[in-house]
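K.L.:
This is a predicted model, with the sequence first.
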Number of protein chains: 2
Amino acid sequence: MIISANNLYPNDLTLTAKPIILLTNDDGIFAPGLQILYDSISTFGETWVVAPDKERSGAGHAITLTEPLRVQELDNYKMSNAFQCSGTPADCVKLAIQNILPHPPDMVISGINQGANSGSYVIYSGTVSAAVEGMISGIPSFAISLDSHNSPDFDFSGKIARNIAENIVRNGLPEKTILNVNIPSGDIDDIKGIKITKHGNSMFHDSYDKRLDPRNRHYFWMNGKRAVIDENDDVDNEALKQGYVSVTPLKFNFTDKDAMSIISKWDLNI
Amino acid sequence: MIISANNLYPNDLTLTAKPIILLTNDDGIFAPGLQILYDSISTFGETWVVAPDKERSGAGHAITLTEPLRVQELDNYKMSNAFQCSGTPADCVKLAIQNILPHPPDMVISGINQGANSGSYVIYSGTVSAAVEGMISGIPSFAISLDSHNSPDFDFSGKIARNIAENIVRNGLPEKTILNVNIPSGDIDDIKGIKITKHGNSMFHDSYDKRLDPRNRHYFWMNGKRAVIDENDDVDNEALKQGYVSVTPLKFNFTDKDAMSIISKWDLNI
């Protein structure tokens, strides 16, 4: 089933009402990538911003069960309808939909993340998880990330975000699908085009720095870098490396059918 | 490719060396379900325990990037080789493999969780994510959860954990697959058997309590319950409701191939 991004005007290119769009991220409400997303989308939709009050990179799909959450609207800020929340990106989306927005959003957009979310990074990504949370609530959702950590220029990514959002309003999205969009770093003129890609296997090879604190006690700090994995051209991180914008449709049913028949042959009686 | 749980004795039922097994959970190192898991597995394998120093339910696949991690071995405790860690379940598995265990484990077991992890709970579950982290490191891994929150009796679940672990040593596991095991609540005599199941759609219908703190400021606390979704008998939560132990093989490549062809028809040029 295709679900529409705008229940009022599912197939009407000449929108007479703006779609209501929830923006969030995992780099925190003051991240420049979120501001560019806001600037790009707020002229197109009625935007609401609910984002973590601090960086929550690597939050995965964490939700906060054991502690209360705080929400505060930012007054006189350069984004309107902007709320900071003490929770994770997934918390922000849940709370936004249920308690903050006056009406359910037609779309959730998460980003623009500083750093690509391809391959196994998708599993750890708070950016992607916020979009997944939108999808779980039945709302067309996408995540968008820029493959750059150093002084990133988000302008082109903002244009891509706007283009994807317009396409979702125009076409809807298959139910239970999110889009995971990644933008190559570097000069806009070097971008070769847009590829619809598969979720790949590139992964984070992590390690830990073991250090001593001023009281001579050990602590560990995660370190690491992306492992180079040779993959086909149609895979997320490979397309990105080759200079393409990567758009990967993701679904979150994890059944491993091949393994089901293998496990069925085990002796599981006790 | 089937990966063995014990590289030394992949097909030898008369093991002469114990498999090295890492135990973890998301309810915290002092949770009774972890203790039962330890009691059940430590007579079979060389066990190491690395678990969060406090409850991390709902941690999903969060990892800790922005803060340091602390690790402390528990002295004279009823579990040997037991370490508490200030991080998430996924952090515990990463740190255990890379910095705590003297040799890589042959298997990772996460649980026994208090409360089922079926349907969309899988996405939020720290228990399942710890097993996923083991799988990402190439180690056969499974998660095990008991569908009970009130005074749970974990004894039968401990026996199932042992049985699954023995099967993994005997048979290996398909690469990139984890097993998600859920045990019904109630009397052991009422358990009807074991079913190999699919990952279902049952979900958490959450809401937030909006409360006032003693200083008259608002805070939100997550609340909710599992939504009843009618599904086929071969789906995780349905099998559990009918009194079966549910064993679901899960894989974590999220490509939505049907959606790829749909999105390919969009006009994505800007």
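P.N.:
Thanks, I have it. Residues are numbered from 1 along each chain as shown, chains lettered A, B, ... in the order given.
K.L.:
List the buried residues for stretch A:231-248?
P.N.:
Across stretch A:231-248, burial judged by 16 or more other C-beta atoms under 10 Å in any protein chain shown covers A:231, A:234-241, A:244-248. The way it works is simple: take the backbone N, C-alpha and C, and place the C-beta from them, glycine included.
K.L.:
Return the subset of those residues lying in strands.
P.N.:
Cross-referencing these against strands under DSSP state E gives A:244, A:245, A:246, A:247, A:248.
K.L.:
any idea how far residue A:111 is from the second one?
P.N.:
In this case it means residue A:245. According to C-beta to C-beta, to the nearest Å, residue A:245 and residue A:111 sit 13 Å apart.
K.L.:
shared neighbours, these two?
P.N.:
Residues touching both residue A:245 and residue A:111 by C-beta atoms under 8 Å, 6 or more residues apart in numbering or on different chains: residue A:181.
K.L.:
Residue A:110 reaches residue A:31, doesn't it?
P.N.:
No. Using C-beta atoms under 8 Å, residue A:110 is not in contact with residue A:31, being 11.5 Å away.
K.L.:
Identify the contacts common to the two.
P.N.:
What both residue A:110 and residue A:31 touch, as defined by C-beta under 8 Å, 6+ apart, is the set residue A:25.
K.L.:
Give me the helix or strand of chain A that scores worst on average pLDDT.
P.N.:
Using mean pLDDT, DSSP states H and E, strand A:2-3 stands out as the lowest-scoring helix or strand of chain A, at a mean of 70.
K.L.:
And the next helix or strand past it?
P.N.:
Next along the chain after strand A:2-3, taking DSSP states H and E as the criterion, comes strand A:20-24.
K.L.:
OK, contacts around the nearest residue to residue A:145 once chain neighbours are set aside?
P.N.:
The shortest distance from residue A:145 to any non-neighbouring residue, by C-beta to C-beta, 6 or more residues apart in numbering or on different chains, is to residue A:113 (3.7 Å). By C-beta under 8 Å, 6+ apart, the contact set of residue A:113 is A:25, A:26, A:27, A:33, A:125, A:127, A:143, A:144, A:145, A:146.
K.L.:
Torsion angles phi and psi at the last one?
P.N.:
What it means is residue A:146. phi -110, psi 130 (degrees, to the nearest 10).
K.L.:
Tally up the residues packed near it, please.
P.N.:
Residue A:146 has 26 neighbouring residues, counting by other C-beta atoms under 10 Å in any protein chain shown.
K.L.:
Distance-wise, check it relative to residue B:35.
P.N.:
As defined by C-beta to C-beta, residue A:146 lies at a distance of 46 Å from residue B:35.
K.L.:
Same question for the first one.
P.N.:
With the distance defined as C-beta to C-beta, residue A:25 ends up 40 Å from residue B:35.
K.L.:
Those two: which is more packed in?
P.N.:
Set side by side, residue A:25 and residue B:35 show more neighbours around residue A:25, with 31 against 20, by other C-beta under 10 Å.
K.L.:
Dihedrals phi and psi, the more buried one?
P.N.:
phi -170, psi -180.
K.L.:
can you pull the pLDDT of it?
P.N.:
With respect to pLDDT, residue A:25 scores 97.
K.L.:
pretty sure it contacts residue A:51?
P.N.:
Yes. With contact defined as C-beta under 8 Å, residue A:25 counts as touching residue A:51 (5.3 Å).
K.L.:
any low-confidence regions in the stretch 1-150 of chain A?
P.N.:
Along the stretch 1-150 of chain A, the parts satisfying pLDDT under 70 run over A:1, A:4-16.
K.L.:
now the helices for chain A?
P.N.:
Assigned by DSSP state H, chain A shows helices spanning A:32-41, A:89-95, A:121-124, A:126-136, A:155-171, A:236-241, A:257-263.
K.L.:
which helices and strands does the second one pack with?
P.N.:
To tie it back to what came earlier, the one meant is helix A:89-95. strand A:20-24, strand A:46-52, strand A:82-85, helix A:126-136, strand B:204-212, strand B:218-226 (3 or more C-beta pairs under 8 Å, 6 or more residues apart in numbering or on different chains; DSSP states H and E).
K.L.:
what's the closest of these to residue B:105?
P.N.:
helix A:126-136 (27.2 Å; C-beta to C-beta).
K.L.:
Just list what that closest one packs against, helices and strands only.
P.N.:
Using 3+ C-beta pairs under 8 Å, 6+ apart: helix A:126-136 touches helix A:89-95, strand A:107-114, strand A:141-146, strand A:177-183.
K.L.:
What residues does residue A:125 make contact with?
P.N.:
A:26, A:58, A:60, A:113, A:117, A:143, A:145.
K.L.:
Looking at the helices and strands packed on helix A:89-95, spot the one closest to residue A:166.
P.N.:
Of these, nearest to residue A:166 by C-beta to C-beta is strand A:20-24, at 11.1 Å.
K.L.:
Which neighbours in the sheet does that closest one have, and how are they oriented?
P.N.:
With DSSP bridges as the test, strand A:20-24 is paired with strand A:46-52 (parallel), strand A:107-114 (parallel).
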